[in-house]
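K.L.:
Here is my input; please provide its structure:
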Amino acid sequence: MVNELKNIAYETGKPFKQVINETLSIGLRYRKQPQTQPYRLKPVKLGQLYPGINLDKALQLADALEEEAIITKLGQQK
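P.N.:
Numbers count the residues shown, from 1 in each chain. The predicted structure follows:
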């Protein structure tokens, strides 16, 4: 650790004492930063459920919705 500080002082041309003070200052500022709050997902209502579709079976639901969209699209082409 001391060798790293000495290298920084040598590379920057700053006095060793100044490098130590700047390093401590940066460390103290970092420590004082407020703790971030954990991410919280706010649930939203997605609408009514279709009768006869089990939400535990996501692929079944996706297939049913896709079929409904295709039927609607084909009906509009007539």
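
K.L.:
Can you classify the residue most central in space within the chain by secondary structure?
P.N.:
Residue closest to the mean C-alpha point of the chain, counted by Cα atoms, centre = their mean, is residue 39 at 8.1 Å. Here residue 39 takes the coil state, with states given by DSSP: H, G, I helix; E, B strand; the rest coil.

K.L.:
That one: what's it in contact with?
P.N.:
Contacts here follow Cβ atoms under 8 Å, 6 or more residues apart in numbering; on that basis residue 39 touches nothing. The way it works is simple: take the backbone N, C-alpha and C, and place the C-beta from them, glycine included.

K.L.:
Contact partners for residue 24?
P.N.:
Residue 24 makes contact with no residue, according to Cβ under 8 Å, 6+ apart.

K.L.:
how near is it to residue 5?
P.N.:
10 Å (Cβ to Cβ, to the nearest Å).

K.L.:
So which residues make contact with the helix or strand hosting residue 3?
P.N.:
Following DSSP states H and E, one finds residue 3 within helix 2-12. By Cβ under 8 Å, 6+ apart, the surrounding residues in contact with helix 2-12 are 14-16, 18-20, 23.

K.L.:
Write the ChimeraX selection for whichever of those are buried.
P.N.:
Burial among the contacts of helix 2-12 is assessed by 16 or more other Cβ atoms under 10 Å; the matching ChimeraX selection reads:
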select :19
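
K.L.:
Now stretch 5-23: average pLDDT?
P.N.:
Averaging pLDDT along stretch 5-23 yields 93.

K.L.:
Check stretch 49-57 too.
P.N.:
74.

K.L.:
next one: stretch 35-42
P.N.:
Mean predicted confidence for stretch 35-42 is 84.

K.L.:
element containing residue 21, please.
P.N.:
Using DSSP H and E, residue 21 maps to helix 16-32.

K.L.:
Now do that helix against helix 2-12, angle only.
P.N.:
Here the directions of helix 16-32 and helix 2-12 differ by 110 degrees (axes from the mean of the first three to the mean of the last three Cα atoms, to 10 degrees).
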